[in-house]
Structure formats: C-alpha cells, structure tokens
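**Q** Quick one, what's the 3D model for this:
(2 chains)
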Amino acid sequence: MLEIKNLQVKLEDEDKQILKGLNLTVETGKVHAIMGPNGSGKSTLSYVLSGKDGYEVTGGEALLEGKELLDMEPEDRAAAGLFLAFQYPVEIPGVGNMTFLRTAVNAQRKARGEEEMSAAEFLKVVRAKAKTLKIDADMLKRPVNVGFSGGEKKRNEILQMAMLEPKMCILDETDSGLDVDAMKLVAEGVNALRSEGRSFLVITHYQRLLDHIKPDVVHIMADGRIVKTGGPELALEVEQNGYADILAEVM
Amino acid sequence: MAVAEAKLDATEARLSALTLPEGAAWLTGLRQAALARVRAMGLPTRRDEYWKYTRPETLVQPEAPQAALFDVSDEAPIFGAIDRIKIVFVDGVFDPAASDDLSLAGVEIERLETAAAKDIHWAKDVYGALEINGQTPVARPLAALNSAFATDGILIRVTGKAAKPISLVYHHRSETSDVMMHHVIRLEDGAELTVLENGPAAARFNKVMEVDVADGAKFHHIRAQGRDHERRAATHIFARLGAESLFKSFTVTANGVMTRNDCVIELTGDDAVAHVAGAAMGDGDFHHDDTVFITHDAVGCESRQVFKKVLRNGATGVFQGKILVKKDAQKTDGYQISQSLLLDGDSQFLAKPELEIYADDVACSHGSTSGAIDEEALFYLKTRGVPTAQATDLLVLAFLAEAVDEIEDDVLRGEITGRLDAWLSRRRG
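**A** Prediction:
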C-alpha cells in the first residue's frame, strides 16, 4: 500500500535535516504503529506525506499503490486515497461542518470520476456515521472544529475518515489530549474502519492507544529514521523501559 | 470659510451641465435650497479629508465616464423568486411595462416625478430634510447635488405592515447614462417595510435614499449593487430613527470601478436599533468605499456596523466608519468591525474607524483587520480532497459570512449567498 524509500527531508527555511533516509512499507490491510521520542520526526513524516508546505524533500520517494505521492498536490493525494488525521485539527470559522464534509466527499468523487452524492443520500450516511461516534446534530451544524473540545475534534477527524473512506490512513498522535473514554470512542471508530483493503499508520508516543488499536507491526523512530521494527511486544517494551534502552542498543 | 477657487470652478463646471427639473412649488423650493447648499459647500475634491482614500473626480466631472454593459448571460436575476412589488428603472427612467402596479395595502407608493406635479405632498417635510441633517458635522455635497437635480425616485409612506417587499430594479442600457435618483421613505409609528434594490442603474449613478423611521417601526433594506465593472456609483442613505424602532441595511457589491456608499444614521428615540452591513468583492481596478456615520442621540440605543471586503489583483477597499455618542446618549451599545481579506499582495484596504463619545455610561467597541487567506485552513481543506480554488472560495464565503448573517430573512440571505457563489464561480471559470 505505502512504500517509503530512503526519504530525506529538511525544513525549507533552515538548513535542518529532519528525516534522514527513512524506510517503511505498510502492507495492504495492515496496521503499523510508529513510536518514538519527541523530535524524532514523526509529525514531519505525516506532514510530508500529506503535502504540507515548508518542507523540502532532498531525496527518496513515497509511493501509494505504486504512485509517487511527493509530486502530487495535497488534494490529489487525498483523492488517491491518503488521509491524515491531524494532531491539531484546524478550526475553520464560517464553514459549517456539514458543508465541509459534503464538499470534501464530492470533491474526491469528482476527482475520481465518480458521481457526486446527493444531499439526501449524504445526510443519511453522515447521520448514521456520526451517531456511532457520538457526534450530535449540533456538532454537525457548527463551524468546523470551532469551539469543539479536544475529544470532539478528534472524533470529528474520525468522522471525516469514515465519510471519505481512504485507503491509507495516517493518525498523527490521535490520542493526544484525550481522556480514557474519549480515546476508547476514537479507537472504536478506527477499528470499525479496519478492513482488508485499508491500511493504517498510527503515530503515537504511548503504548496505551495501541491497547485499543492493535497494531500488526510496531516501528521505533529516532533521529529521522526507523531504527527498530517488531511486533506489538515492542510497544510494551517501550512502555516499561522507555526509549533509552532501545536507542542505546541500536544507535 | 470661503470655498477654494479650484473647487468652485469644478463645482460650477458640473452645475453648468445640469438644469433644475420642473415641478410644483414645494419641490422647486427644496431643490433651489439644495442647489444653494451645493454652492456653499462646493463639490468634493481629492484634497477633502473625507475623500482622502477615494478620488471623487469621476463622480464630479460634468460628463459621466463611459461604462460598458455587463453580460448577465443566462443567470437568474436576484430576488426573482421573491414575492414583491417590482419597480423598474432603465437608466433612471421609469419603465411602467416592466413594473408592477404600485399598490400595496398599508403603503402609499408614488414616483417623485408624479408627486412633483402636486401642490401639497407629505414628502415635503422629509425630502432633503434628512440630507440636511446629515451635512453636519461632515459635508456631503454629492447628496445635496442629488436633492437639487434628481429627476425621479420613489416616495413611500407606510402606515401598516407591508405584506411584501418593495423591490427597486435598476437596469443599465446606455454606456453613457448619468442618473440621479432620490427616494423618500417614511414609516409611521409601528409600520414595517422591506426594500430591495438591485442593478447597476447607469454608467454613473448618484442616489439618495432618505428613510424616516417613526417610533416602533421596522425597516429592512437589502441591496445588490450592479456588477457592470466600469460603472460608477455614489449613494447615500440618510436614516432617522424614532424610539424602539429598527433599521437594518445590507449591501452586497461585486465589481464596480467606483463605488462610494455613504450611510448616515441618527438614533433620535430611546432604545432604537440600527444595523448596517456590507460584503464587497472585487478585483483589478475595483474601488469600493463604505463610509458610515452613526449618531447616538438617545438613551439605550444599539448600533452595529459589519463590513467585509475580499480584494484581489490590485483592488482597493475603503472603510470610514464613525460612531458619535452625544452627551445624553447613555447606555449606548455600539459595535463596529471592518475587515478585509487580501488575496494577493497588490490589493489594499484603507480603514479609518472612529469613535467619538461624550456620554460616560456606554459600551462601544471597534476593530479593523486586513489579512490573507488562512494557510492552515487551506491546507486542512486540501488534505480532505478539496482543490485549491474551491477551498479558497469556501474560505472567502466563510470570511463574508459574518456580514451576510446580518440579514435576518433566510430566503433573502440565500439570495445574497447565491450572488456571492455566482461571483466566485465566474472567477473560477
């Protein structure tokens, strides 16, 4: 599904290398987790994959189903099936959540040459999906993320994911700022979307999210590279011993 | 103070191209008095403080600059689906065939030209009277010029609750038309009326609307200004509000090489409410000026000014807004916001917000900002698959929403949003 080869990225404004030859392959239908200490480049990886300005790719490639992502505009990446659940979802005053969701769904359908969803059909689908995420009618009407609590914002991200039905989902510290109940709700939303044709890359600091979203593969990232890869037990090791031991061992 | 010679020359040059229209004594007297006011003030020049950001030359020069007509192609006209009394003017000339019958329960509707032939008319106490009030502390000579030379207009007296809106439709069919129109609206105690206006009216349009809102009356005004890009317009609204009355005016402007909209409101009765809002969008040599002056002269009144402009490719937006709170206008609640969204580095927004407060128990706030599109929001939309152009439009509409939301009526608000959508999609092609 996603193949990242020797990816090298620096900040555009300063001469600072963030990703230093990152290799990662996420197979179709699998859930991979990336853990790592602060400043290891986890969020940069998610931003570069989704096409945010301010980063310069100095080498390597990132392929989604064999297509080079890094040459595409963010909206084309989305239409190709990539989705980033933001660590800090953006507030957009003046744009209703419903309008936003419907515009996004139909823009992607249009880009893929599919028929747009009618207002009635859309309403039916969005209501059903919102209900399972405990998103009420009021949240759907309000401007995107404006005045939403931390938990509401993250649930709203998962709702967008559910509506857009991407192939490759990147969750950037989706657990940050969530209490246990909210995290469970979000994890349930994600688990409901797991399927044979859909892959996930879950970026997190903590093992606890991985109790709820069980990964197939766990990677440890440090200093702009994947330094260790293993099964779910690797996450437990980090939880018990911290990163220091692992980093000392590999670096 | 004597009028400077250059100003005098420009004023006389303009006046020499005009003739006072004929009419009954009541109106002729008012017109001659207005002409005397014009001579005393002189027409505006770029050296006038009040015209610092908007050059008045093309509004003052004797001949109207030529203005090409706008091709609306197959677009449905705005307000077309609204049940209304339609009154149509083509380059300032009343078009009876295209207009509805001027009859509506609880409302007297009459053309200025018709009223001018009558010996006695209720409008004699209002015509030019609110304009005169609005001449201090700042002179508005183009309005006095209008009071003197306006050839037609609509006089409306409302005694009840009007069942449907009165819709003034202005067509522009001649590339050189130079039109002055003067409307007078009087709402008696407790009366209610909505007035709609749309269209470019002329190559050069000078319009005055005087609105006298008596105690407890409610007046709503929604205007969509003409999109003929080369057209020029100088408009004035003068409103006087009685106790517990309500005045709400909203204007959308898309295109127009020169627009100066003055709105002068005097709150004279306690607990009156005045809201004035505008959404303007333009590019290239678009120039749009909102000049608002609200005077609080009674206790417990509320006023709101909400103006938003979207500018690109070198367009210019101007806002001059003032709230004057007189000594006895305690418990005043005044709010003013003017904001521009600059879609590129070539466009400019010039704002002069002012508060002048003599009462000591008031709440007044004002703010003015200029900004670019929010890159974070744009990126967020793009990651959801919305293409850049469409995402930008969505953010433009979101920016204008605060002004558009000032329109109370859902259907009318929908009409205005439709006009904004149409402007954006035309640009997108």
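
**Q** which SS state does the residue of the stretch 51-200 of chain B found nearest chain A fall under?
**A** Residue nearest to chain A within the stretch 51-200 of chain B (C-beta to the nearest C-beta): B:Ala81, separated by 18.9 Å. Bear in mind the C-beta positions are built from the backbone N, C-alpha and C, glycine included. Assigned by DSSP: H, G, I helix; E, B strand; the rest coil, the conformation of B:Ala81 is coil.

**Q** burial of it, as a residue count?
**A** 12 (other C-beta atoms under 10 Å in any protein chain shown).

**Q** Repeat that for A:Phe83.
**A** 24.

**Q** A:Val180 now?
**A** What A:Val180 shows, counting by other C-beta under 10 Å, is a neighbour count of 9.

**Q** Now it: phi and psi?
**A** phi -60, psi -40 (degrees, to the nearest 10).

**Q** and the gap between it and A:Thr28?
**A** 31 Å (C-beta to C-beta, to the nearest Å).

**Q** What of A:Ser176?
**A** Distance from A:Ser176 to A:Thr28, by C-beta to C-beta: 28 Å.

**Q** Wait, B:Phe89 touches B:His172, no?
**A** No - applying C-beta atoms under 8 Å as the test, B:Phe89 and B:His172 come out as separate, 9.9 Å apart.

**Q** which non-adjacent residue is nearest B:Ala191?
**A** Spatial nearest neighbour of B:Ala191, excluding adjacent residues (C-beta to C-beta, 6 or more residues apart in numbering or on different chains): B:Val158 at 4.0 Å.

**Q** so for stretch B:185-196, what's the average pLDDT?
**A** Averaged across stretch B:185-196, pLDDT comes to 98.

**Q** Quick check: buried residues in that stretch?
**A** The neighbour-count check on stretch B:185-196 (16 or more other C-beta atoms under 10 Å in any protein chain shown) flags B:Ile185, B:Arg186, B:Leu187, B:Glu188, B:Gly190, B:Ala191, B:Glu192, B:Leu193, B:Thr194, B:Val195, B:Leu196 as buried.

**Q** At the contact with chain B, which residues of chain A appear?
**A** A:50-53, A:73-75, A:77-79, A:83-84, A:86, A:89-95, A:99-100, A:103-104, A:107-108, A:111, A:143, A:160, A:164 (C-beta under 8 Å from any C-beta of the partner chain).

**Q** Among those residues, name the buried ones.
**A** A:50-52, A:74-75, A:77-79, A:83-84, A:86, A:89-95, A:99-100, A:103-104, A:107-108, A:111, A:143, A:160, A:164.

**Q** Report the contact partners of residue 177.
**A** Here I'm looking at chain A. A:Gly177 makes contacts with A:Gly150, A:Gly151, A:Lys154, as judged by C-beta atoms under 8 Å, 6 or more residues apart in numbering or on different chains.

**Q** I was thinking of chain B, sorry if that wasn't clear
**A** So B:Ser177 contacts B:Ala64, B:Asp91, B:Gly92, B:Ala202, B:Ala203, B:Arg204 (C-beta under 8 Å, 6+ apart).

**Q** Return the subset of those residues lying in strands.
**A** Using DSSP state E, the subset of the contacts of B:Ser177 located in strands is B:Arg204.

**Q** Need the contact partners of stretch B:44-58.
**A** B:4, B:6-7, B:10, B:43, B:59-60, B:65, B:138-139, B:141-142, B:204, B:232, B:258, B:260, B:287, B:289, B:291, B:316, B:318, B:320, B:350, B:352.

**Q** What about the residues you listed, which are in strands?
**A** In strands, defined here by DSSP E, the members of those are B:Arg204, B:Arg232, B:Met258, B:Arg260, B:His287, B:Asp289, B:Thr291, B:Thr316, B:Val318, B:Gln320, B:Leu350, B:Lys352.

**Q** returning to that earlier point: run through the contacts of stretch B:44-58 and flag the ones next to chain A.
**A** Okay, of these, nothing touches chain A (C-beta under 8 Å from any C-beta).

**Q** For the closest residue to chain B within the stretch 151-251 of chain A, grab phi and psi.
**A** Per C-beta to the nearest C-beta, A:Gln160 is where the stretch 151-251 of chain A lies closest to chain B, at 6.3 Å. Here is the backbone geometry of A:Gln160 (degrees, to the nearest 10): phi -60, psi -40.
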